[in-house]
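1. any chance you can model this:
(2 chains)
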Amino acid sequence: MNSNNNILVKLNNAGFRQSEKWLVEGVSLTIEKGKIVTLIGPNGSGKSTTAKIALGIYKNIEGSVEKYTTKVGYVPQKISIDWTLPIRVYDFMLLTETIEDSAIDEALSLTGVIHLKNKNLGSLSGGEFQRVLIARAISKKPELLVLDEPVQGVDYTGEIALYELIKKISDTLNCGILLISHDLHMVMTATDHVICLNGHVCCSGSPLDVAKNNEYKALFGEKASQILTTYEHKHDHVHSDKGEIKKN
Amino acid sequence: MFDDFFIRALFAGIGIAFVTGPLGCFVVWRRLSYFGDTLAHSALLGVTMAYTLDLNIAISVFLISSIIALLLIQLQKRTNLPGDALLGLLAHSSLAVGLVVVGFLTFIRFDIMGLLFGDILAVTTDDLFVIWTGGALILIVLKLIWKPLLASTVNYELAEAEGLNPDRAKAIFTILMAAVIAISIKMVGLLLITGMLIIPAAMARNISDSPQKMVLFSIIGGLLSVILGLYSSLEFNTSSGPSIIAAALILFILSLFKIKQSIKLKN
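-> Residues are numbered from 1 along each chain as shown, chains lettered A, B, ... in the order given. Sure thing, here's the model as predicted:
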């Protein structure tokens, strides 16, 4: 299972310091093909920083990053686009890689925003823009997908559908996913490995292990722990992006 | 009907418009207009160097502008001054030093007005060669770095994360800026080059909904400005630079009436 060719990114005791303040330190993690690794933790605990270390955006880091893929899709947490640049959803899809029109249409359909293809990026709502960001990241069929709170601003039913899509993508593309999420339900149902951060790795393991961990309870409270441990039931239906329920 | 010099000027202007169109779009997108100004001001030093050392003006201006750009990057790293203060420092001091040096060069008759505002009479066949080969090179390089440059203009971290090397694209773009100023200084003059970069691009922004269209309209706007400007320069006996820029301004004003509702800035 743990054969080396499956490894996409490996962080060894990695940390990043900005003007004498550690944003995060001592993080070791491995992302493998077909696996979802989720980072959880309070605000300012270094989740996004860890993702940026893994992506190679931060260069002067402590420890080391080994990266075995160049096919990367990234959904950043914050993205500010300057509207002096006229750009349509279609142009945005082609931003970092030239992909075929059919792949663009497919990805936009999967995230439910195909009707916005020729709209100007500046005219989208927050949730619509988030769906476009996800579509862009998956359309290039990456080996490594880094999703930093990908469903922020998306309506509730859409959120569930998008998380199910993310799970499906990790299966069909066999890509490794580094996910940052506040949604503990999602963490429970789809994640293979959870890392709980608070400036350092406070605990990690399977979702159930983490839920039982005392440090996790201290950080998120007893209630959050119950969410995870009681969430062990199977879904008998899925939600489409329009919110309709489909029986499995 | 045309004197020979006018045909030369026309072809020089057309060559320049092809290059300033796409580069000007990036200047507008990346908010580099004051940076362009700084490089242009430093061009005077380049011109004086060309006269004293008997170099080609375009090459000499290119070298000095590139050095100023590198200096700026170093100063940004080593001082705590804001970017615009550093740009002002370099722009005005290099202009001042350039003018002082001109004062010492009493053995050469200098056409200061021509340098500042452009002089169509000054365009030689050699200049045409420099503009068209230099311009073609600039466009080829810009085409090569188009994707990383555009991606990092939209979002730096996205470009970096997905392996496009935005820092390299930015460095190359800086050199292209120095190059476009070098080839257009004789025609437009160093005080007005930034106008040639910005105004057609700004005009194009008003009527475009995609990056490619904006580049295309920016080129067309630049070409029209050159043609209109040069004809009126001949007609009214005005400097070529101001005439071209004034024509670009008229196109910009016309474009204001064409802003489509759907592509208006969202606020």
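
2. A:A103 against A:I138, yeah?
-> No. Using CB atoms under 8 Å, A:A103 is not in contact with A:I138, being 9.5 Å away. Placement of C-beta: from N, CA and C, glycine included.

3. spell out which residues of chain A are next to chain B.
-> Contact residues, chain A versus chain B (CB under 8 Å from any CB of the partner chain): A:52, A:55-57, A:70, A:72-74, A:76, A:79-88, A:90-92, A:95-98, A:120, A:122-123, A:140, A:146.

4. make it 7 Å
-> A:55, A:57, A:70, A:72, A:74, A:76, A:79, A:81-88, A:91, A:95-96, A:120, A:122-123, A:146 (CB under 7 Å from any CB of the partner chain).

5. neighbour count winner among A:A103 and A:I138?
-> A:I138 (25 against 15; other CB atoms under 10 Å in any protein chain shown).

6. what does the helix or strand in which that one is found contact?
-> Here A:I138, judged by DSSP states H and E, is contained in helix A:126-139. Applying CB atoms under 7 Å, 6 or more residues apart in numbering or on different chains, the contact partners of helix A:126-139 are A:73-75, A:79, A:89, A:92-93, A:95, A:99, A:103-104, A:107-108, A:110-113, A:116, A:124, A:145, A:150-155, A:158, A:162, A:169.

7. same deal with stretch A:31-46?
-> Contacts for stretch A:31-46 (CB under 7 Å, 6+ apart): A:6-9, A:23-24, A:29, A:47, A:50, A:144, A:170, A:174-181, A:187, A:190-199, A:219.

8. how many neighbours does the residue nearest to A:H200 when sequence neighbours are not counted have?
-> Counting by CB to CB, 6 or more residues apart in numbering or on different chains, A:H200 lies nearest to A:G26, which is 4.9 Å off, once chain neighbours are set aside. By other CB under 10 Å, the residues close to A:G26 number 15.

9. quick check, A:G26 in a helix?
-> No. A:G26 is assigned strand when assessed by DSSP: H, G, I helix; E, B strand; the rest coil, not a helix.

10. ok, it to chain B distance?
-> Remark: distance between A:G26 and chain B (CB to the nearest CB, to the nearest Å) = 23 Å.

11. what's the distance between that residue and A:Y216?
-> Distance, A:G26 to A:Y216, using CB to CB, to the nearest Å: 17 Å.

12. likewise A:K168?
-> Relative to A:Y216, and taking CB to CB, A:K168 is found at 28 Å.

13. A:G46 now?
-> 16 Å.

14. kindly report the same for A:I195.
-> From A:I195 to A:Y216 the distance is 11 Å (CB to CB).

15. kindly report the same for A:T30.
-> 20 Å.

16. name the SS class of A:V65, please.
-> Look at A:V65: counting by three-state DSSP, its state is strand.

17. tell me the SS of B:L55?
-> Going by three-state DSSP: B:L55 is coil.

18. nearest spatial neighbour of it, skipping sequence neighbours?
-> B:L55 sits nearest to B:M49 (CB to CB, 6+ apart), 6.7 Å away.

19. residues in contact with the one you found?
-> By CB under 7 Å, 6+ apart, B:M49 lies in contact with B:55, B:60, B:64.

20. list only buried entries from those residues.
-> B:60, B:64 (16 or more other CB atoms under 10 Å in any protein chain shown).

21. now render the contacts of B:M49 as TSV, adding pLDDT.
-> Listed next are the contacts of B:M49 as TSV, based on pLDDT from 0 to 100:
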residue	pLDDT
B:L55	87
B:S60	92
B:I64	93
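
22. which strands and helices sit next to the host helix or strand of B:Q212?
-> Per DSSP H and E: B:Q212 is located in helix B:211-236. On a contact count with 3 or more CB pairs under 7 Å, 6 or more residues apart in numbering or on different chains; DSSP states H and E, helix B:211-236 meets helix B:4-29, helix B:193-207, helix B:240-256.

23. nearest to B:L90, out of these?
-> helix B:193-207 (14.3 Å; CB to CB).

24. please state the offset of that closest one from the chain centre?
-> Distance, stretch centre to chain centre, for helix B:193-207: 11 Å (CA atoms, centre = their mean, to the nearest Å).

25. could you check the angle that helix makes with helix B:240-256?
-> 20 degrees (axes from the mean of the first three to the mean of the last three CA atoms, to 10 degrees).

26. which other helices and strands contact helix B:193-207?
-> Helix B:193-207 packs on helix B:4-29, helix B:33-53, helix B:166-188, helix B:211-236, helix B:240-256, going by 3+ CB pairs under 7 Å, 6+ apart.

27. is there proximity between the shortest one and chain A?
-> No. Counting by CB under 7 Å from any CB, chain A is not contacted by helix B:240-256; separation bottoms out at 13.0 Å.

28. helix or strand: which one has A:N12?
-> Counting by DSSP H and E, A:N12 is found in strand A:7-18.

29. CA atoms only for that strand, dumped as CSV, please.
-> Only the C-alpha atoms of strand A:7-18 are listed here, as CSV (Å, rounded to 0.1, in the frame of the first residue of the first chain):
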residue,chain,number,x,y,z
ILE,A,7,3.6,9.4,-2.9
LEU,A,8,2.8,12.8,-4.4
VAL,A,9,4.1,15.2,-1.7
LYS,A,10,5.9,14.6,1.5
LEU,A,11,6.6,17.2,4.2
ASN,A,12,9.4,16.4,6.6
ASN,A,13,9.2,18.5,9.8
ALA,A,14,8.3,21.5,7.7
GLY,A,15,7.7,24.9,9.2
PHE,A,16,7.5,28.5,8.0
ARG,A,17,8.5,31.7,9.9
GLN,A,18,7.4,35.2,8.9
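
30. many thanks, have a good one.
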